[in-house]
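Peer 1: Take a look and give me a structure for this.
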Amino acid sequence: MKHLESLLSKITKFYLSLIGFILLFVSLLLFPFLLRATGLSDSLQQVLVSAGVAQRPGILNDFARKIMEDNPEQAYHRAQEALKLSRDLHNLKEEARALYMMADASYYMNNLDEAVTLYLESAGVEKRLGGRESEGYLNRIGDAGHTCCAGDRHPEALKYMLESLELSLNGGYDSQAASMYSNIGSIYTEWGDYARALEYDQKALEIDRRIGGREQISTDLNNIGKIYEHWGKYDEAVRYYQESYALAKSLDNKAMIAVRLNNIGIVYQAWHRYTEALDYFQQALAIERSIGNIDKIGRRLLYIASTYLAMEQYDKCLSCLSEASPVVKKSGLVDDLARFYNVYGKYYLATNQNRKAIELFEQSQLFALKNNLKLIQMANLQSIAQAYEKLGMAAKSLEHYKQFMTVKDSVFNAESNTRLAEFQTRFETEKMKFENEVLKKDAKLKWNVYVLSGIATLAIISILLSIILILRIKTRNARQSKMMAEQESRQLELELEIKNKELTFNAMSIIKKNETVSEMIGVLEKAIREGQSAEIMDSVFEKIRNNGRDDTWKEFEVRFTQVHKDFYDKLNDRYPELTPNERKLCAFLRLNMTTKDIASITHQSVHSINVARTRLRRKMNLANSEENLVTCLMSI
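Peer 2: All right, here's what the predicted structure looks like:
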């Protein structure tokens with residue numbers, strides 16, 4: 001009997017497997033027709049038909065991711081098809097991914113409950129794939145927590161985020177851990193547990209500064225500013241908001257910029273600087289409208305309405321509330337609804353419609369209690385107490401005032417202040433440490449820049465000096481070449497001038513000699529013809545001899561003057577008493593001629609020349625001196 005049951009079980013399993021295979025085969029055959037029926041683009045149809053069966057789920061998931069922001073509804077359907085195929089193919093990786101795509105699409109379509117369910121389903125598949133410690137699992141759990149938070153399901157959100165945080169820290173996933181720290185801090189901020197919120201946000205900031213995510217650093221700073229704002233420490237709040245705003249602006253992230261501007265406006269509103277607060281709120285509203293962020297438009301209008309209320313401009317306040325009402329109610333966000341009814345209640349309280357005000361404050365209180373929004377709870381209870389006081393109902397007023405004090409004490413107690421001080425000290429220490437590290441990096445970078453700049457400057461200076469030196473050498477060489485050329489030109493001109501003078505002198509000498517010869521010939525012919533005496537003939541011959549000597553001296557003197565132009569002038573200045581013959585002797589000696597040569601030229605005896613030299617030394621005051629006469633004349 002047991003054997004028969006076993007056989008029947010095997011047969012049943014076989015037929016079930018066979019039926020499953022047939023269904024898969026039929027679905028694959030019908031796949032191209034199903035694609036056309038779902039209205040896919042021709043290009044995607046072609047890719048899917050040409051692709052292998054195993055690749056089709058991945059292609060559909062890729063396509064869903066690509067069109068997610070522009071068309072989340074179509075992305076949802078493509079991911080749904082990918083889910084069916086991946087399950088048929090037992091492809092857990094693409095199944096988890098398809099569920100993730102469907103969850104993201106639901107989030108974009110504001111179907112937050114469905115998105116949470118799909119994220120958790122995807123997390124379950126990731127767990128089957130890689131275990132609870134896998135990155136896929138902890139990321140999807142974190143996504144589920146974030147979506148719960150967006151849907152005002154804060155307790156549930158905290159549960160998922162704490163699990164994701166624990167797994168991220170254990171696995172070393174810093175980015176995810178920082179994100180969870182930040183989100184958990186935001187929840188505690190909403191709940192009014194500011195000391196705990198600061199601890200989580202400070203840890204998020206530490207990690208983000210370490211890994212260098214500017215967008216996340218801006219978010220962390222904004223969250224810390226929000227805590228200080230709620231705590232009533234506005235100077236600190238605006239400091240963090242401004243730093244966060246500067247980072248958001250550098251990233252050109254319009255959504256972030258709008259949030260930062262709105263938060264700065266809240267601080268200015270608390271300072272009663274309403275005009276400046278309005279300016280910040282209106283800037284934020286303009287950005288939200290430009291990017292089509294409908295939910296945030298309602299929130300910005302509420303802050304503008306509350307500012308007009310504080311300025312006692314009730315008509316403008318009511319106008320903003322009327323504009324915000326359909327937007328806030330359509331979004332259904334608990335935080336915004338709590339704030340909306342609170343501001344509306346304050347409007348009625350300010351206009352002395354006290355019972356209507358109490359009604360609206362009580363509506364706001366329901367939403368504030370639902371999400372544990374302690375600041376709004378405090379504002380509602382205090383305002384209700386004021387309304388009852390105006391109505392003359394002292395007991396009711398006192399009751400609500402006591403409730404207000406109870407909530408306030410739970411938020412601003414001594415323990416919280418101590419934890420805040422501890423956080424502030426730790427935060428400032430971490431900030432200084434971070435800034436010191438940044439300064440060290442900047443200093444090192446600047447030093448490298450200075451070194452490189454110095455090297456570059458030295459190189460440029462060396463090149464410039466080399467160029468200047470080369471140019472100077474070239475200029476000097478050119479100047480020297482020019483000077484040499486000018487000197488050669490002058491020398492040539494001088495030589496040419498000397499040659500011309502020589503030619504002129506020679507020509508004049510020839511003419512003079514010819515004239516003298518002609519004259520002497522005439523005298524001799526006349527003497528012969530007239531039979532004159534021998535004495536006349538001797539006088540003629542003597543005249544010829546003297547003429548030759550005179551001509552020789554004149555030629556020498558001309559050439560000597562050409563070479564030594566200033567000699568005679570200087571000689572006359574120093575020794576004006578010298579005779580012409582002594583000056584001639586000085587000229588011969590200046591040329592370092594021997595006594596014999598001088599005697600030959602002057603047709604005098606050597607003895608006569610030596611006597612003349614002795615007389616010359618005496619006139620030049622060299623008689624009792626060992627100085628050489630020629631050396632003295634050479635120096636003139």
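
Peer 1: residue ranges with poor pLDDT in this structure?
Peer 2: 1-51, 411-446, 448-449, 496-518, 532-538, 540-555, 562 (pLDDT under 70).

Peer 1: Centre-most residue in it?
Peer 2: Using Cα atoms, centre = their mean, the residue of the chain that lies closest to the mean C-alpha position is Ser250, 12.1 Å off.

Peer 1: mind checking how far Gln363 is from Met378?
Peer 2: Note on Gln363: its distance to Met378, by Cβ to Cβ, to the nearest Å, is 16 Å. From N, CA and C alone the C-beta is placed, and that goes for glycine too.

Peer 1: Looking at these two, which has the bigger crowd around it?
Peer 2: Ranked by neighbour count (other Cβ atoms under 10 Å), Gln363 and Met378 place Met378 first, with 21 against 18.

Peer 1: quick one, phi psi at the more buried one?
Peer 2: Backbone dihedrals for Met378, given as degrees, to the nearest 10, come out at phi -60, psi -50.

Peer 1: Now do the contacts for the most far-flung residue of the chain relative to its centre.
Peer 2: Centroid-distance maximum for the chain: Gly531 at 124.9 Å, with Cα atoms, centre = their mean. If you count contacts by Cβ atoms under 8 Å, 6 or more residues apart in numbering, Gly531 has none.

Peer 1: Please give me every residue in contact with Phe588.
Peer 2: Neighbour list for Phe588: 597-598, 601 [criterion: Cβ under 8 Å, 6+ apart].

Peer 1: Name the helix or strand for it, please.
Peer 2: helix 580-590 (DSSP states H and E).

Peer 1: Name the next helix or strand downstream of that helix, please.
Peer 2: Later in the chain than helix 580-590, the nearest helix or strand by DSSP H and E is helix 595-602.

Peer 1: I figured Asn380 was touching Phe361, is that so?
Peer 2: Yes: here Asn380 reaches Phe361: they are 4.6 Å apart, a contact under Cβ atoms under 8 Å.

Peer 1: Pick out whichever of these two has more residues nearby.
Peer 2: Between Asn380 and Phe361, counted using other Cβ under 10 Å, Asn380 has the larger neighbour count: 31 against 28.

Peer 1: tell me which residues of stretch 77-84 are tucked away?
Peer 2: The neighbour-count criterion (16 or more other Cβ atoms under 10 Å) identifies 77-83 as the buried residues of stretch 77-84.

Peer 1: just those now: which is nearest Ser605?
Peer 2: Closest to Ser605 out of the buried residues of stretch 77-84 is Arg78 (140.6 Å), distances taken as Cβ to Cβ.

Peer 1: where's that closest one, which helix or strand?
Peer 2: Following DSSP H and E, one finds Arg78 within helix 72-88.

Peer 1: Tell me the helices and strands packed up against that helix.
Peer 2: helix 56-66, helix 92-108 (3 or more Cβ pairs under 8 Å, 6 or more residues apart in numbering; DSSP states H and E).

Peer 1: if you set the cut-off to 10 Å instead, what comes out?
Peer 2: Here helix 72-88 touches helix 2-37, helix 42-50, helix 56-66, helix 92-108, helix 112-130, going by 3 or more Cβ pairs under 10 Å, 6 or more residues apart in numbering; DSSP states H and E.

Peer 1: Now find how far off-centre the fourth one is within its chain.
Peer 2: If you compare the mean C-alpha spot of helix 92-108 with that of the full chain, they lie 40 Å apart, counting by Cα atoms, centre = their mean, to the nearest Å.

Peer 1: so that helix versus helix 112-130, what angle?
Peer 2: If you take axes from the mean of the first three to the mean of the last three Cα atoms, to 10 degrees, helix 92-108 sits at 160 degrees to helix 112-130.

Peer 1: just the CA coordinates of helix 92-108, formatted as PDB?
Peer 2: Extracted in PDB, the C-alpha atoms of helix 92-108 (Å, rounded to 0.1, in the frame of the first residue of the first chain):
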ATOM      1  CA  LEU A  92      15.300  35.300  -8.100                       C
ATOM      2  CA  LYS A  93      17.700  38.200  -8.900                       C
ATOM      3  CA  GLU A  94      15.400  39.700 -11.500                       C
ATOM      4  CA  GLU A  95      12.300  38.900  -9.400                       C
ATOM      5  CA  ALA A  96      13.700  40.900  -6.400                       C
ATOM      6  CA  ARG A  97      14.600  43.700  -8.900                       C
ATOM      7  CA  ALA A  98      11.100  43.700 -10.500                       C
ATOM      8  CA  LEU A  99       9.500  44.000  -7.100                       C
ATOM      9  CA  TYR A 100      11.800  46.900  -6.300                       C
ATOM     10  CA  MET A 101      10.900  48.600  -9.600                       C
ATOM     11  CA  MET A 102       7.200  48.200  -8.800                       C
ATOM     12  CA  ALA A 103       7.700  49.600  -5.300                       C
ATOM     13  CA  ASP A 104       9.500  52.700  -6.600                       C
ATOM     14  CA  ALA A 105       6.800  53.200  -9.200                       C
ATOM     15  CA  SER A 106       4.100  53.000  -6.500                       C
ATOM     16  CA  TYR A 107       6.100  55.500  -4.400                       C
ATOM     17  CA  TYR A 108       6.200  57.900  -7.300                       C
END
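
Peer 1: And that helix, what's buried?
Peer 2: Within helix 92-108, the residues that count as buried by 16+ other Cβ under 10 Å are 93-108.

Peer 1: now for it, which elements pack on it?
Peer 2: Using 3+ Cβ pairs under 10 Å, 6+ apart, helix 92-108 sits against helix 56-66, helix 72-88, helix 112-130, helix 135-150.

Peer 1: Single out the most deeply packed of these.
Peer 2: Stretch with highest mean neighbour count among the helices and strands packed on helix 92-108: helix 135-150 (a mean of 24; mean count of other Cβ atoms under 10 Å).

Peer 1: how about the CA coordinates for that helix, as CSV?
Peer 2: Taking C-alpha atoms only, helix 135-150 is exported to CSV below (Å, rounded to 0.1, in the frame of the first residue of the first chain):
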residue,chain,number,x,y,z
GLU,A,135,23.1,44.6,0.9
GLY,A,136,20.0,44.0,-1.1
TYR,A,137,18.0,43.0,1.9
LEU,A,138,19.1,45.9,4.2
ASN,A,139,18.5,48.4,1.4
ARG,A,140,15.0,47.3,0.8
ILE,A,141,14.2,47.2,4.5
GLY,A,142,15.5,50.8,4.7
ASP,A,143,13.3,51.8,1.7
ALA,A,144,10.3,50.3,3.4
GLY,A,145,11.1,52.4,6.6
HIS,A,146,11.6,55.6,4.5
THR,A,147,8.2,55.0,2.8
CYS,A,148,6.5,54.4,6.1
CYS,A,149,7.9,57.7,7.3
ALA,A,150,6.6,59.5,4.2
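
Peer 1: That helix: what's the following helix or strand?
Peer 2: Counting by DSSP H and E, the next helix or strand C-terminal to helix 135-150 is helix 154-171.

Peer 1: any idea which helix or strand comes after that following helix?
Peer 2: Using DSSP H and E, the next helix or strand after helix 154-171 towards the C-terminus is helix 174-191.

Peer 1: picking up where we left off before, check which residues of the helix holding Phe588 are buried.
Peer 2: For helix 580-590, the buried set under the neighbour-count rule, 16+ other Cβ under 10 Å, comprises 582-590.
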